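Asks: turn this into a structure:
(chains A and B)
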2 protein chains.
Amino acid sequence: METSKIVGYQGVPGAFSEIAARSFFRGFEHRAFETFDAVVEAVQSEEIIAGMLPIENSSTGAIRAVYALLLQAGLKIVGEEYVPVRHCLLVKPGTELNRIREVYSHPEALRQCQAFLAAHRQWKQHAYLNTAKSAERVARGQDETIAAIASKRAAEIYQLEILESEIQDQRTNTTRFVVVAKLPAEDIELTKASMILRVSHQPGSLFEALGVFTEYHINLLKIESHPAKEVPWEYDFFIDLARTADEEAFQSMLGELSKRSLEYQLLGSYTANSLNGNE
Amino acid sequence: METSKIVGYQGVPGAFSEIAARSFFRGFEHRAFETFDAVVEAVQSEEIIAGMLPIENSSTGAIRAVYALLLQAGLKIVGEEYVPVRHCLLVKPGTELNRIREVYSHPEALRQCQAFLAAHRQWKQHAYLNTAKSAERVARGQDETIAAIASKRAAEIYQLEILESEIQDQRTNTTRFVVVAKLPAEDIELTKASMILRVSHQPGSLFEALGVFTEYHINLLKIESHPAKEVPWEYDFFIDLARTADEEAFQSMLGELSKRSLEYQLLGSYTANSLNGNE
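Replies: Sure, this is the predicted structure:
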């Protein structure tokens, strides 16, 4: 398959990263990589046309390692995708709920299904490296007393039966993914931009920088401060903006911003996903 | 032991939460609870004098569930503690590195030690529900070919030998914990405050509210936006401030803030920890 039709994600088939890649890129090959770094390297070497990386979760915030990787690699964000984290109870076809004795999943997924599992206290819980692998574990075995907690997609891949759907405690836990590529987005409507802004640690310095957005009537969609790693007393802000399609006005705003901050890095402009994280 | 000398944490002895509790509260009993909710309930019922809860991690951001729990329970933040996440390779005394065949830990800890584990590719990795439990697993068995990745404290508790220290990839990953109590802090120097601020989703609304801090020469130590769960198009900001010790000036600032935002909730005022997350 030609490079231009292959996208990469970290994990294994059935993982939420694969779900994001399949949802955004229909008609493409979706290739699994072991680490975030491997996805980024494959984009850089043009083995794949784009990568799909998780960048924030509605309950835990930004995935800083991915921001660091994007800065370091010089890749651009060209799109975004939101995937609701929905867990199912998966079993070998024919297994009945009252025969289950053990359940496998990633510890975070087990934690996210506390209420459901509390109703089945007699089940022994086993932690596994990821949800899709635990589905594979159930599919591989002959034992009809074990279940996995994983995605609906994992059920399809490993031909398991879904005994219960949406068993997670919170209905609204969502992971946001970004599409990263070597070159900026072209020929799409640019309605959102992501950047990292650095300001000094003094009263008013963030206020001063944010004033630029207000003057240009630009709405802040997200802001998250992080101490700058290498520089004490400077702060990085991970910022998402509702940007204007007018490139000239946007560039003029950036020019003003560079005067009123220590520095900024534009990570990319792209089309905001309709599921805007406000779910 | 009297209630006033017992503090609670979520997890098991040897977990980073216990390390935080022991570091902040010397000469106290440190009691383990299964869930965050159970810690909060024990504070409310006065079974314990305070709870130690993780609130943010330097690589993943705020732990939203803990913010939600504090709001719901009406508890106050009265202190904070930073714990560097440092992993060790633990074995039964006498086990040599070249005899190890399997390693147990929490998946997140395994992920945080990727570079170290890449140098030992032949080891089989097993995911466990938490790092301290995997140390217990190694201590309990007779097998001298298995190791655990856990804290130095877990080595002490389970009488294991530390074969390698600081095996995590990042030297600077830190978890911030807050001390929560039924009543606000008294008789300590108040240098920091935490709050949740809600503003409407319009250009300039955050800028307007932050102007109050600038006018009062108050420095922002942290800001993180989250879409308000129940109200579309309103945003909550998790904010930490370098507050003034002058209570009157602080109250006057809060009064002004309430005029320029939809609402705010003060989570507490306390003494900033010297390890201020800028490590």
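Asks: excluding chain neighbours, what is closest to A:Val78?
Replies: Leaving aside its chain neighbours, A:Val78 sits nearest to A:Ala185 (3.9 Å; criterion: C-beta to C-beta, 6 or more residues apart in numbering or on different chains). Quick note: C-beta positions are derived from backbone N, CA and C, even for glycine.
Asks: A:Tyr158 now?
Replies: Nearest residue to A:Tyr158, sequence neighbours excluded (C-beta to C-beta, 6+ apart): A:Ala139, at 3.8 Å.
Asks: the one you found reaches A:Lys92, doesn't it?
Replies: Yes: assessed by C-beta atoms under 8 Å, A:Ala139 is found in contact with A:Lys92 at 7.0 Å.
Asks: which neighbours do those two share?
Replies: Common neighbours of A:Ala139 and A:Lys92 (criterion: C-beta atoms under 8 Å, 6 or more residues apart in numbering or on different chains): A:Leu160.
Asks: for stretch A:210-219, how far is the first residue from the last?
Replies: 10 Å (C-alpha to C-alpha, to the nearest Å).
Asks: do the same with stretch A:132-152
Replies: 10 Å.
Asks: now check stretch A:32-41, is it near chain B?
Replies: Yes: counting by C-beta under 8 Å from any C-beta of the partner chain, chain B is contacted by stretch A:32-41 at A:Thr35.
Asks: show me the contacts for the residue nearest to A:Val78.
Replies: A:Lys76, A:Val78, A:Gly79, A:Gly268, A:Ser269, A:Tyr270, A:Thr271.
Asks: ok, 7 Å please
Replies: Contact analysis of A:Ala185 by C-beta atoms under 7 Å, 6 or more residues apart in numbering or on different chains lists A:Val78, A:Gly79, A:Gly268, A:Ser269, A:Tyr270.
Asks: save the residues you listed as TSV, and put in neighbour count, secondary structure and pLDDT too.
Replies: Below are these laid out as TSV (neighbours: other C-beta atoms under 10 Å in any protein chain shown; DSSP: H, G, I helix; E, B strand; the rest coil; pLDDT from 0 to 100):
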residue	neighbour count	secondary structure	pLDDT
A:Val78	20	strand	96
A:Gly79	21	strand	96
A:Gly268	22	strand	95
A:Ser269	23	strand	96
A:Tyr270	23	strand	96
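Asks: can you say which helix or strand has the residue lying closest to A:Leu160 once chain neighbours are set aside in it?
Replies: Leaving aside its chain neighbours, A:Leu160 sits nearest to A:Leu90 (4.1 Å; criterion: C-beta to C-beta, 6+ apart). Secondary structure from DSSP states H and E places A:Leu90 in strand A:88-91.
Asks: check the offset of that strand from the chain's centre.
Replies: Centre-to-centre, strand A:88-91 and its host chain are 23 Å apart (C-alpha atoms, centre = their mean, to the nearest Å).
Asks: give me the residue ranges of chain A where confidence is low.
Replies: Applying pLDDT under 70 to chain A flags the ranges A:1-2, A:58-62, A:229-233, A:274-279.
Asks: top helix in it by residue count?
Replies: helix A:247-259 (DSSP state H).
Asks: buried stuff in stretch A:214-221?
Replies: Residues of stretch A:214-221 classed as buried by neighbour count (16 or more other C-beta atoms under 10 Å in any protein chain shown): A:Thr214, A:Tyr216, A:Ile218, A:Asn219, A:Leu220, A:Leu221.
Asks: other SSEs contacting the longest helix of chain A?
Replies: Helices and strands touching helix A:247-259, by 3 or more C-beta pairs under 7 Å, 6 or more residues apart in numbering or on different chains; DSSP states H and E, are helix A:205-215.
Asks: on contacts alone, who are the packing partners of the helix it packs on?
Replies: When contacts are defined as 3+ C-beta pairs under 7 Å, 6+ apart, helix A:205-215 packs onto strand A:192-200, helix A:247-259, helix B:205-215.
Asks: among these, which is nearest A:Val40?
Replies: Closest of the helices and strands packed on helix A:205-215 to A:Val40 is strand A:192-200, at 16.2 Å (criterion: C-beta to C-beta).
Asks: could you list the residues in contact with that closest one?
Replies: Counting by C-beta under 7 Å, 6+ apart, A:67, A:71, A:77, A:205-206, A:209, A:221, A:228, A:234-243, A:261-270, A:272 sit against strand A:192-200.
Asks: any idea of the angle the longest helix of chain A forms with strand A:192-200?
Replies: Relative orientation of helix A:247-259 versus strand A:192-200 (axes from the mean of the first three to the mean of the last three C-alpha atoms, to 10 degrees): 20 degrees.
Asks: about what we covered before: list buried residues within the contacts of strand A:192-200.
Replies: For the contacts of strand A:192-200, buried by 16+ other C-beta under 10 Å: A:67, A:77, A:205-206, A:209, A:221, A:228, A:234-243, A:261-262, A:264, A:266-270, A:272.
Asks: now do the contacts for A:Ile55.
Replies: So A:Ile55 contacts A:Ala62, A:Ile63, A:Val66, A:Arg176, A:Phe177, A:Val178 (C-beta under 7 Å, 6+ apart).
Asks: and the contacts of A:Ala185, which is closest to chain B?
Replies: A:Ser269 (17.7 Å; C-beta to the nearest C-beta).
Asks: ok, that closest one - contacts?
Replies: A:Ser269 makes contact with A:Ala185, A:Leu190, A:Ala193, A:Arg243, according to C-beta under 7 Å, 6+ apart.
Asks: among the residues you listed, which one lies nearest to chain B?
Replies: Within the contacts of A:Ser269, proximity to chain B (C-beta to the nearest C-beta) peaks at A:Arg243, which comes in at 11.9 Å.
Asks: wait, that closest one touches A:Leu190, no?
Replies: Yes: shown here, A:Arg243 and A:Leu190 form a contact pair, counting by C-beta atoms under 7 Å, at 6.0 Å.
Asks: stretch A:31-38 spans what distance, first to last residue?
Replies: Stretch A:31-38 end-to-end distance (C-alpha to C-alpha) = 11 Å.
Asks: sorry, back to before: next step: the buried ones among the contacts of strand A:192-200 restricted to strands.
Replies: Judged by DSSP state E, the subset of the buried ones among the contacts of strand A:192-200 located in strands is A:77, A:221, A:234-242, A:264, A:266-270.
Asks: the stretch 101-250 of chain A: helices as residue ranges?
Replies: Taking DSSP state H, counting those that start in this stretch as the criterion, the stretch 101-250 of chain A contains helices spanning A:107-112, A:114-118, A:131-140, A:152-157, A:205-215, A:247-259.
Asks: let me see the ranges of the strands in the stretch 1-150 of chain A.
Replies: In the stretch 1-150 of chain A, the strands defined using DSSP state E, counting those that start in this stretch lie at A:6-10, A:29-33, A:50-57, A:61-62, A:76-84, A:88-91, A:102-105, A:124-127, A:146-150.
Asks: so in that sheet, which strands flank the first one, and in what orientation?
Replies: Next to strand A:6-10 in the sheet, as set by DSSP bridges, lie strand A:29-33 (parallel), strand A:50-57 (parallel).
Asks: return the set of buried residues in that strand.
Replies: Buried, per 16+ other C-beta under 10 Å, within strand A:6-10: A:Ile6, A:Val7, A:Gly8, A:Tyr9, A:Gln10.
Asks: got the CA positions of stretch A:170-188 in CSV?
Replies: Provided in CSV are the C-alpha atoms of stretch A:170-188 (Å, rounded to 0.1, in the frame of the first residue of the first chain):
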residue,chain,number,x,y,z
GLN,A,170,-18.7,8.0,34.1
ARG,A,171,-20.7,8.4,30.9
THR,A,172,-18.6,11.3,29.7
ASN,A,173,-14.9,10.3,30.0
THR,A,174,-13.4,11.2,26.6
THR,A,175,-9.9,11.0,25.1
ARG,A,176,-8.9,13.6,22.6
PHE,A,177,-6.5,12.5,19.8
VAL,A,178,-4.6,14.7,17.4
VAL,A,179,-3.6,13.8,13.9
VAL,A,180,0.1,14.7,13.3
ALA,A,181,1.9,15.1,10.0
LYS,A,182,5.1,16.5,8.5
LEU,A,183,3.5,19.4,6.8
PRO,A,184,0.7,21.9,7.9
ALA,A,185,-2.9,21.2,7.0
GLU,A,186,-4.0,22.3,3.5
ASP,A,187,-7.4,22.7,1.8
ILE,A,188,-9.4,22.3,5.0
